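**Q** Structure of the sequence below:
(2 chains)
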Amino acid sequence: GAVVSQHPSRVICKSGTSVKIECRSLDFQATTMFWYRQFPKQSLMLMATSNEGSKATYEQGVEKDKFLINHASLTLSTLTVTSAHPEDSSFYICSARDSRTVYEQYFGPGTRLTVT
Amino acid sequence: SQKIEQNSEALNIQEGKTATLTCNYTNYSPAYLQWYRQDPGRGPVFLLLIRENEKEKRKERLKVTFDTTLKQSLFHITASQPADSATYLCAPSGGSQGNLIFGKGTKLSVKP
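**A** Numbering: from 1, shown residues only, chains lettered A, B, ... in the order given. Next up, the predicted model:
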């Protein structure tokens, strides 16, 4: 149980285009999902917290107009990187918190974004 | 500000030995702490959660301790195997949204 999927696993896009990443909890409901970014040999940095049915809460320094988050259902959250630039190239990982257990967070396999 | 430190970037041990990883946190008191395993190019995999009122938690060959006085958690892998080689992340709770705050991780290499 407690499986989180992400799609796509890898994406290459041209500078200036937008990319959407999906995060799904497959066998549980997630009231809250989190989006992280990880650069090589660095720790996971929280970008935003997404609560079902409400606006996402962004961490300081993260542009909400650039990283659009939608959490339309209890099993799906999406992150759209708008007008991507090479510096947005990174490993994006989502996690979902099981509504029943409250504490444990389960992570997706990650999405490698490369902007050329 | 909240700070998480994991004892070393890399730890090399011989197969069969016990690996001990350290996580120290400062400037706050997490209600719970989680340990994750991360393989290259993959998302973290949940291993264990320990609450502030628990001293120790075990799961198969894994053991976690949580000392709120020392502000430290220890993560042990007994009878280590080459398959245990990975980066292990310490993540105390602490964010205002209930999010986790991650350390940089310790890369464990178990040699046969």
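**Q** my read: residue A:43 touches residue B:100, true?
**A** No: counting by Cβ atoms under 8 Å, residue A:43 sits too far from residue B:100 to count as a contact (10.4 Å). No exception for glycine: its C-beta is placed from N, CA and C like everyone else's.
**Q** Neighbour count: these two, which is higher?
**A** A count of neighbours by other Cβ atoms under 10 Å in any protein chain shown puts residue B:100 above the other of residue A:43 and residue B:100, at 26 against 18.
**Q** Around chain B, pick out the residues from chain A.
**A** When proximity is defined as Cβ under 8 Å from any Cβ of the partner chain, chain A approaches chain B at A:2, A:4, A:6, A:32, A:34, A:41-46, A:49, A:57, A:91, A:93, A:95, A:97, A:103-110, A:112.
**Q** what helix or strand is the residue lying closest to residue B:66 once chain neighbours are set aside on?
**A** Nearest non-adjacent residue to residue B:66, counting by Cβ to Cβ, 6 or more residues apart in numbering or on different chains: residue B:50, 4.6 Å away. If you go by DSSP states H and E, residue B:50 is part of strand B:45-51.
**Q** Which SSE is immediately downstream of that strand?
**A** Assigned by DSSP H and E, the successor of strand B:45-51 is strand B:56-59.
**Q** Tell me the residues of chain B that contact chain A?
**A** Counting by Cβ under 8 Å from any Cβ, chain B sits next to chain A at B:4, B:32, B:34, B:36, B:41-46, B:49, B:89, B:93, B:95, B:97-105.
**Q** so the residue nearest to residue B:66 touches residue B:57, yeah?
**A** Yes: Residue B:50 lies in contact with residue B:57 (Cβ under 8 Å); the separation is 4.5 Å.
**Q** Mind checking which of the two has more residues around it?
**A** residue B:50 (20 against 16).
**Q** correct me, but residue B:48 touches residue B:32?
**A** No: contact criterion Cβ under 8 Å: residue B:48 and residue B:32 do not qualify, at 10.5 Å.
**Q** low-scoring stretches of the chain, by residue?
**A** The chain I'm using is chain A. Filtered on pLDDT under 70, chain A yields the residue ranges A:1, A:102.
**Q** not quite, I wanted chain B
**A** B:94-98.
**Q** mind listing the helices in it by residue range?
**A** Using DSSP state H, no helices are found in chain B.
**Q** Could you list the buried residues of stretch A:37-47?
**A** A:37-38, A:43-44, A:46-47 (16 or more other Cβ atoms under 10 Å in any protein chain shown).
**Q** Now intersect these with the strands, please.
**A** Judged by DSSP state E, the subset of those located in strands is A:37-38, A:46-47.
**Q** thinking again about what came up before, please flag which of the residues of chain A next to chain B sit within strands.
**A** Counted as lying in strands by DSSP E, out of the residues of chain A next to chain B, are A:4, A:6, A:32, A:34, A:45-46, A:49, A:57, A:91, A:93, A:95, A:97, A:105-107, A:112.
**Q** which one of those residues is nearest residue A:15?
**A** Closest approach to residue A:15 among those (Cβ to Cβ): residue A:112, at 16.7 Å.
**Q** quick one: contacts for the residue nearest to that closest one when sequence neighbours are not counted?
**A** Excluding its sequence neighbours, the residue lying closest to residue A:112 (Cβ to Cβ, 6+ apart) is residue A:10, at 4.6 Å. Listed by Cβ atoms under 8 Å, 6 or more residues apart in numbering or on different chains, the contact set of residue A:10 reads A:111-112, A:114.
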